[in-house]
Structures are given as structure tokens and as C-alpha cells.
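**Student:** model this:
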Amino acid sequence: MVAGFGVNVTMNALSLAGWVQWPVVADPILVGVVSSYLVVRVVSNRSVVSVTEANYREALHHMPPQERDPAVIRQTLVWPKVMVAMGAVIAVALTLFYAVPYQQAIASTEQVVRGGRIVSGEVVLALVYGLVLTTSGLWIWRRVIRDYLNQEGDEK
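**Tutor:** Model (predicted):
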């Protein structure tokens, strides 16, 4: 990361000083990202993982027993429920207080929509915003149940 930052700052300084004009494909941010990646690859290829480091990494993959406290898991599972409820509330609130009034204001100034309401970008935004929260809450619920209550993989 330091290499990428250094390359980015140097290229921008040279450009701001007027000494160099970089082509579009040599954007300082992109060159910085590529240089960071290359430095990581070179350093990783030249180093060797010790036995102690490998054992430490393996130990990181075992969950401590205190992480499986049922009271803590129940408390954790409250937040996905809150996310699901908030997703529904936000979707309804955005639809009622943003999308519908906006549609009515636009319809009165531009063209009167005949035959009822149409699905506009505002309605889609309102519904999808709530849907993202709801599906995220359900996904988190599933992951907590699967990762913290399922103890089969710990013996390996």
C-alpha cells in the first residue's frame, strides 16, 4: 500500500508541477494500485511461511467455545430481525412519503398519467432500498445460525 501511495503522490506531483502530462491509461490511481499489487506479489513470492506462522493461521480458523454462548447468539440474532423490520418500514415510508408525492408533482407539471400509476424509478428505488435491508437481515440471520449454532466443523 505504501508503494501505491508513493507512486500515486509522485505521479500527481509531477503532473501538478507541469513536468509531465500522463496519458489516460496511466492514471496515477490505477498505476498506484498496480504497483501495490506487484509489490505484494514480489514480496510474497520471496518469503517463506514458518511453521509457527502456519500453526497460528490454523488456530485462527477454530472458533473459541465462548463464541457459542446461546445468550450471546440470541442477542446477536435480534439485529437481523431489526434489519428485516426496518427494511419493510423504510420501503413503505419511502414509497408513501417520497415516491408517490414525487410522481404526483411530476404528473401535474409534465403529463397527466392516464389509467392509474406507473412504476417509476422512485418507486423502484424505494422498494429496492427496503429489499436490500430485508435480504441482508435474512442473510445475516442464516449465517449466524449456520456458523455459530452448527458445531460439526469444529472437530476437524
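**Student:** ok, the residue most central in space within the chain to Ala85 distance?
**Tutor:** Within the chain, the residue whose C-alpha comes closest to the C-alpha centroid is Ser136; the distance, by Cα atoms, centre = their mean, is 10.8 Å. Counting by Cβ to Cβ, to the nearest Å, the gap from Ser136 to Ala85 is 13 Å. C-beta coordinates here come from the backbone N, C-alpha and C atoms, glycine included.
**Student:** helices or strands up against the helix or strand of the chain with the lowest mean pLDDT?
**Tutor:** Lowest by mean pLDDT, DSSP states H and E among the helices and strands of the chain is helix 100-109, with a mean of 80. Under the contact definition 3 or more Cβ pairs under 8 Å, 6 or more residues apart in numbering; DSSP states H and E, helix 100-109 sits against helix 121-144.
**Student:** Next, the buried residues of the least confident helix or strand of the chain.
**Tutor:** Judged by neighbour count (16 or more other Cβ atoms under 10 Å), helix 100-109 contains these buried residues: 100, 103.
**Student:** what's the angle from that helix to helix 121-144?
**Tutor:** 160 degrees (axes from the mean of the first three to the mean of the last three Cα atoms, to 10 degrees).
**Student:** pLDDT value on the residue nearest to the centre of the chain, please?
**Tutor:** Looking at Ser136, its pLDDT reads 96.
**Student:** what secondary structure does the closest residue to it other than its chain neighbours sit in?
**Tutor:** With sequence-adjacent residues excluded and distances taken as Cβ to Cβ, 6 or more residues apart in numbering, Ser136 is closest to Met83, at 5.9 Å. Under DSSP: H, G, I helix; E, B strand; the rest coil, Met83 falls in the helix class.
**Student:** Quick one, grab the pLDDT at Met83.
**Tutor:** On pLDDT, Met83 comes in at 96.
**Student:** Report the contact partners of it.
**Tutor:** 133-134, 136-137, 140 (Cβ atoms under 8 Å, 6 or more residues apart in numbering).
**Student:** Report the distance from stretch 86-98 to the chain centre.
**Tutor:** Between the mean C-alpha point of stretch 86-98 and the mean C-alpha point of its chain there is a distance of 22 Å (Cα atoms, centre = their mean, to the nearest Å).
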